[in-house]
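[1] Okay, here's the prediction I keep looking at, along with the sequence it came from:
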Amino acid sequence: MVGRNCVRNLVCGLLIGLAGCATPYLEAGFGRINRPIDVVWVGSDKFIYVPGPEGRNFGFETARTGRIIEPGLMYTDGGSIPRFAQVFKPFSPWGYAPAFIVHDWIFYGRYCELDAGSTMAAYEDGRRFADVKGITFHESAVILAEVIKTIEDNQQVALHKFPGRLISGAVDSVFAAALWETSGQCWRLRVSPMHIAMVWYRYNGGKGNPPKTWKLSPYEIREAQRHLAWASRAVGSLTRRDRGTRQGVVGASEE
């Protein structure tokens, strides 16, 4: 999703870099990151970031303010780097996945803040996005740069300062600033009850309640419960197909 917001227009980032303009990467410090991330495929080019349980979920502590950002359940597509750029190793949609996840969450919270008057109070967005409340547009780009620098410093990725500068520059561009002010996006980004049910069933069979780290409201949980029977069939079908593929049985589980 961060790519569709900003990074997809990598040409903008390239122009910024070639022009020698300052990018957030240059002013970013080193934060603290914990836990790996988990992403689940739920459809064509559609993924859901799934937080771990309490105490074992992904989070990032910013360098400047010490703010702790812990994204909740949400759609993501990594960096959506244009295909022509993916031939260069550092420019992978998931190459800087933690940075993209954090940036997606900040934009998601921003959009739901803009649409607060037209969305249901039952979603409890004030609580959901408390960890990113008040973040400014430029700060969002600096935080992305901080995550990139941090995972580089932790040697989780190879050190490539040039891509980091370009990506953080792209998300701090005038194009991204216009998207920051775009209303009507919150509804589009909400995880559907069917997809919540699918992930819920996959992780614990739909028993109990989803982890609090998913940051779902009671309303969303009730709506997802209506789809758990469907989710059991969907997850079972995917599992059978995966097993059939690994065993070399083509089409054995087609429905």
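    In hand now; what should we look at? Numbers count the residues shown, from 1 in each chain.
[2] Confirm that residue 36 sits in a strand.
    No - counting by DSSP: H, G, I helix; E, B strand; the rest coil, residue 36 falls outside a strand, being coil.
[3] Let's see the pLDDT reported for it.
    At residue 36, the model reports a pLDDT of 81.
[4] ok, it - contacts?
    residue 58 (C-beta atoms under 8 Å, 6 or more residues apart in numbering). Placement of C-beta: from N, CA and C, glycine included.
[5] what about it, distance to residue 101?
    Noted for residue 36: a distance of 11 Å to residue 101, by C-beta to C-beta, to the nearest Å.
[6] Common neighbours of these two, please.
    By C-beta under 8 Å, 6+ apart, the residues touching both residue 36 and residue 101 are residue 58.
[7] Could you chop this protein up by domain?
    2-189, 193-246 (automatic domain parsing).
[8] lowest confidence element among the helices and strands of this structure?
    helix 10-18 (a mean of 44; mean pLDDT, DSSP states H and E).
[9] Could you tell me the least trusted of the domains of the chain?
    Looking at these, the weakest mean confidence is domain 2-189, a mean of 80.
[10] so how far is that one from its chain's centroid?
    How far domain 2-189 lies from its chain's middle: 7 Å, per C-alpha atoms, centre = their mean, to the nearest Å.
[11] With stretch 220-237 instead?
    22 Å.
[12] now the closest residue in space to residue 137 that isn't next to it in sequence: how far from residue 135?
    Here the nearest residue to residue 137 in space, its sequence neighbours aside, is residue 180; by C-beta to C-beta, 6 or more residues apart in numbering that works out to 4.6 Å. Using C-beta to C-beta, residue 180 is found at 10 Å from residue 135.
[13] anything in contact with each of these two?
    residue 110.
[14] For stretch 111-130, list the C-alpha coordinates in PDB.
    Extracted C-alpha coordinates of stretch 111-130, given in PDB (Å, rounded to 0.1, in the frame of the first residue of the first chain):
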ATOM      1  CA  TYR A 111      -7.000   8.500   6.100                       C
ATOM      2  CA  CYS A 112      -9.300   7.300   8.800                       C
ATOM      3  CA  GLU A 113      -8.700  10.600  10.600                       C
ATOM      4  CA  LEU A 114      -9.600  12.500   7.500                       C
ATOM      5  CA  ASP A 115     -12.800  10.400   7.100                       C
ATOM      6  CA  ALA A 116     -13.800  10.400  10.700                       C
ATOM      7  CA  GLY A 117     -17.100  12.200  10.100                       C
ATOM      8  CA  SER A 118     -18.200   9.600   7.500                       C
ATOM      9  CA  THR A 119     -17.100   6.300   9.100                       C
ATOM     10  CA  MET A 120     -18.800   4.300  11.800                       C
ATOM     11  CA  ALA A 121     -17.900   5.000  15.400                       C
ATOM     12  CA  ALA A 122     -18.200   1.200  15.900                       C
ATOM     13  CA  TYR A 123     -14.700   0.800  14.300                       C
ATOM     14  CA  GLU A 124     -13.100   2.700  17.300                       C
ATOM     15  CA  ASP A 125     -10.400   4.300  15.100                       C
ATOM     16  CA  GLY A 126      -9.400   6.600  17.900                       C
ATOM     17  CA  ARG A 127      -8.100   3.600  19.900                       C
ATOM     18  CA  ARG A 128      -6.900   1.700  16.900                       C
ATOM     19  CA  PHE A 129      -4.600   4.500  15.600                       C
ATOM     20  CA  ALA A 130      -3.600   6.000  18.900                       C
END
